[in-house]
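[1] no FASTA, just this:
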C-alpha cells in the first residue's frame, strides 16, 4: 500500500510541474500578444498591463525551480523522470525570457508612438510576431501532446522568422536614411523586431528540450544559419567623400 | 374530477393485480376449505370465516408485487440511462470535452477534434488550453469554488477564433466535468473586418479617387476646350474607376473568406480537373501576354480534402501572377507531385515562372495585404495587392502551406503543399 501511495504522490508532483509550465506558457503567449497589440494600436494602458504581468512569470519560474529541486532531493528520479524535471527547469527559464522580451516590447510603446510611423512597418512587425507566436504555440502544444515526430516544423518556421526579420531590418534602415528624425522610433522598432525574433529562438530552444525529454536524444545538430542582418549594407551607408 | 378518477383507478389496479398474482394459491385454499367442509361436516359459519381469511391473506401486498413495481420503474428510467455519454456528446454540434478531476480528457466529440487539433483522451486539458482565463476556469471548477462558469476564450493563431466556454460538473459525485465551446468567431471577425477595411482599404481607394477628382478639376478649368486632353483624361479616369472596382471585388472576396468560420470537412477536390480548368480559363491571358503554359502532372488520382471554388481561386491567382509578372520568361510550368509517406504526406502543386524573380528580402512579406514588390509594376498589371493574401488565407484554412522560392533573374516558384488527410 505504501509504495502505491508514494508513486501516485510522485506522479502528482510531476503533473503539477507540467501544469505550471503550461500555465506559464499561456501567460507568456498572452503577454507577447498584448505587447504587440499595444504597439500596433499605440495603447499605453495595455502596455502598462503587460509590464505589470511579467511578475507572474518570474514567480512561476521560481516556483518551478523550487519544486523541481525538492522532487530531485526527495525522489531521486531516474531516466525519463529526471529528464522531465531538468527539462521543466529549462523550459520555465525559456518561458520567463519570452515574458521579459514581451515586456521589453511593451516598454517601448510610448517611445515609438510619439510620432506616427508608416503603417506598413507595424504590419511587418505584426506578421513577424504572428510567426513567432505560432512557433511558441505549436511548441507548447507539442509539450502537451508529446508528439515529437512533428517537431520538424520548428526549423522551417525559424527560417521564415529569420527571413522576415532580415527584411524588416532593411526596411527600417531605409526609413532611417530617408529622414534622420525617424532614427529614434525606428531604433526602438528595431529592438522590438529583435525581441520578437528572440522569442522565436526561445521557442526553438523549448522544442529541443521537449525532444530531449521525450526521446532521451539531443535533436540532430542544426545546420549553420541564422538571420542575415549581419551582412545587410544599404547603398549610401558609406560616408560621402 | 379527472384527477380523482385517476386516483381511484390507480388504487383499484393494484388490488386486482394482487388477486390475479395469487389466483392459484387462492383457488387451492378455497378448494381445501370446501373439501374439509364436505368431509368433516363443520358449521357453515366456520367455513365462511375461513374463506374470508384466505381472501384477506391474498390481498396483502406481496414481495413479488413490490418487485415488479420496481422493475417497471427501472424500465421507465432506463430510457436515459441506456444512452451513453459518448452518443450524447457526438450529437452535440459544438465542441464538447469531458474531463475528470485531474483535468485529464476523458472524451472529446468529433467537433472538438476538428476545432482543436492534437487533443486525445488521456491528455491534460490544462496543458492544451493555456490561456490565463481558461486556467482560472479549470482551477475554480476543479477546486469546487464554483459549480459552473462561463468565460470568453480567443485563439489568435493560426486562424482567429473566439469561443464562449461554459464549464460545469456532470451529474452527482461522478467526478466528471464538461466543457462546451460556443463559436463566436463570426461576430468577432465582422468587427475586425470592419476595422481592417477602414484602415487598409481607405488608403487604397483614396489614391485613384484623388486622381479622378484632379482630372475633373482640370477638365472643368484649364482643359475645358481641349478635346484631345479630354479624351486622354477620360481614359485615365476610366482606368482608375476600373482599379477601384477590382479592389472592391478582392476586398469582398477576402471578407467572404474571413466570414466563413472554417472549412467544412468531408468534401474532396480533384486537383487534376481543377487545375486543368484554371489553365483553360487563363488561356486568353496567356495568349495576350505571350506565355506558354506547360503541364507536368504525376499519374494517378489527385484528390485532396478541400473546397473546389476556393482552391480554384488559389491556383487562378498564382497562375495569373506567374503569367503577368513572369511574362519575360515566355513560359510557365505547372507541376503536380505526390509525397506518399511521412508526416508530410500530401500533394505539391508548383507554379514556376522564368521571369525576373523576386528579390529575397521581399519574399517573406509578399503575402501581406497591400504589400507590393514593385508598386509601379503592380499598378500597370492591374494588381490590387490582395491576390496573395487571399491565397494565403485559403491555404491556411486548408491546413496547407505556401512556400516561395526565387532567384533574381531566374524566375520564381510558388509551391502549394496540400496535406492528403
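    Arrived safely, thanks for sending. It should be emphasised that the depicted structure is a prediction, and the values quoted were computed from it without experimental measurement.
[2] Just want the residue of chain A that's nearest chain B.
    residue A:26 (2.7 Å; CB to the nearest CB). Any C-beta I mention is one placed from the backbone N, CA and C, and that applies to glycine too.
[3] Hmm, residue B:135 and that residue touching each other?
    Yes - between residue A:26 and residue B:135 there is a contact under CB atoms under 8 Å: 6.1 Å.
[4] what do the two both touch?
    Overlap of the contact sets of residue A:26 and residue B:135 (by CB atoms under 8 Å, 6 or more residues apart in numbering or on different chains) consists of residue B:129.
[5] neighbour-wise, which of the two wins?
    Shown here are residue A:26 and residue B:135; by other CB atoms under 10 Å in any protein chain shown, residue A:26 has more neighbours (23 against 20).
[6] Just give the closest residue to that one, not the sequence neighbours.
    Of all residues not flanking residue A:26 in the chain, residue B:130 sits nearest, at 2.7 Å (CB to CB, 6 or more residues apart in numbering or on different chains).
[7] A helix includes the one you found, no?
    No - assigned with DSSP: H, G, I helix; E, B strand; the rest coil, residue B:130 falls outside any helix and is coil.
[8] Give me the pLDDT value at it.
    Residue B:130 carries a pLDDT score of 86 in this model.
[9] My read is that it contacts residue A:19, right?
    No - using CB under 8 Å, residue B:130 is not in contact with residue A:19; the gap is 10.0 Å.
[10] So for the two, which residue has more residues nearby?
    Higher neighbour count among residue B:130 and residue A:19: residue B:130, with 24 against 20, using other CB under 10 Å.
[11] Over to residue B:418. Which of the three states is it?
    Applying three-state DSSP: residue B:418 is strand.
[12] Could you list every helix and strand that the longest helix along chain A packs against?
    Identified as the longest helix of chain A according to DSSP state H is helix A:2-41. Secondary-structure packing of helix A:2-41 (3 or more CB pairs under 8 Å, 6 or more residues apart in numbering or on different chains; DSSP states H and E): helix A:44-75, helix A:79-107, helix A:109-112, helix A:119-145, helix A:183-215, helix B:125-128, helix B:132-143.
[13] Grab the nearest non-local neighbour of the residue nearest the centre of chain A.
    Of all residues in chain A, the one closest to the mean position by CA atoms, centre = their mean is residue A:199, 2.7 Å from it. Spatial nearest neighbour of residue A:199, excluding adjacent residues (CB to CB, 6+ apart): residue A:132 at 4.5 Å.
[14] tell me the pLDDT at the one you found?
    At residue A:132, the predicted lDDT confidence score is 92.
[15] What residues does chain B have near chain A?
    B:102-103, B:118-120, B:123-124, B:126-132, B:134-135, B:156-158, B:199, B:343, B:360-365, B:368-371 (CB under 8 Å from any CB of the partner chain).
[16] so where's the stretch 251-400 of chain B uncertain?
    B:258, B:260-266, B:341-344 (pLDDT under 70).
[17] mind listing the strands for it?
    All strands of the stretch 251-400 of chain B, identified by DSSP state E, counting those that start in this stretch, fall at B:268-270, B:292-297, B:303-305, B:331-339, B:346-353.
[18] okay, those strands, which one's buried deepest?
    When these are scored by mean count of other CB atoms under 10 Å in any protein chain shown, the highest mean neighbour count falls to strand B:346-353 (a mean of 22).
[19] For that one, what is the distance to the chain centroid?
    With CA atoms, centre = their mean, to the nearest Å as the basis, strand B:346-353 stands 27 Å off its chain's centre.
[20] on contacts alone, who are the packing partners of it?
    Counting by 3+ CB pairs under 8 Å, 6+ apart, strand B:346-353 packs on helix B:271-281, helix B:308-325, strand B:331-339, strand B:411-419.
[21] Quick one: closest of these to residue B:38.
    Nearest of the helices and strands packed on strand B:346-353 to residue B:38, taken as CB to CB: strand B:411-419 at 94.4 Å.
[22] between that closest one and helix B:308-325, how big is the angle?
    If you take axes from the mean of the first three to the mean of the last three CA atoms, to 10 degrees, strand B:411-419 sits at 170 degrees to helix B:308-325.
[23] what's the spacing between the nearest residue in space to residue B:362 that is not next to it in sequence and residue B:385?
    Distances taken as CB to CB, 6+ apart place residue B:373 nearest to residue B:362, at 4.7 Å, with adjacent residues excluded. According to CB to CB, to the nearest Å, residue B:373 and residue B:385 sit 10 Å apart.
[24] Show the contacting residues for the residue nearest to residue B:362.
    Taking CB under 8 Å, 6+ apart as the test, what residue B:373 contacts is B:358-359, B:362, B:366.
[25] My guess is residue B:356 contacts residue B:408. True?
    Yes - counting by CB under 8 Å, residue B:356 touches residue B:408, with 7.0 Å between them.
[26] Compare neighbour counts for the two and give me the winner.
    residue B:356 (20 against 11).
[27] May I see the helices and strands packed on helix A:2-41 organised as a markdown table, with distance to residue B:378 added?
    Converted to a markdown table, these look like this (distance: least, CB to CB, whole Å):
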| stretch | distance to residue B:378 |
| --- | --- |
| helix A:44-75 | 35 |
| helix A:79-107 | 32 |
| helix A:109-112 | 29 |
| helix A:119-145 | 14 |
| helix A:183-215 | 25 |
| helix B:125-128 | 42 |
| helix B:132-143 | 43 |
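[28] so which of the ones you listed is the most packed in?
    The highest mean neighbour count among the helices and strands packed on helix A:2-41 belongs to helix B:125-128 (a mean of 24), with neighbours defined as mean count of other CB under 10 Å.
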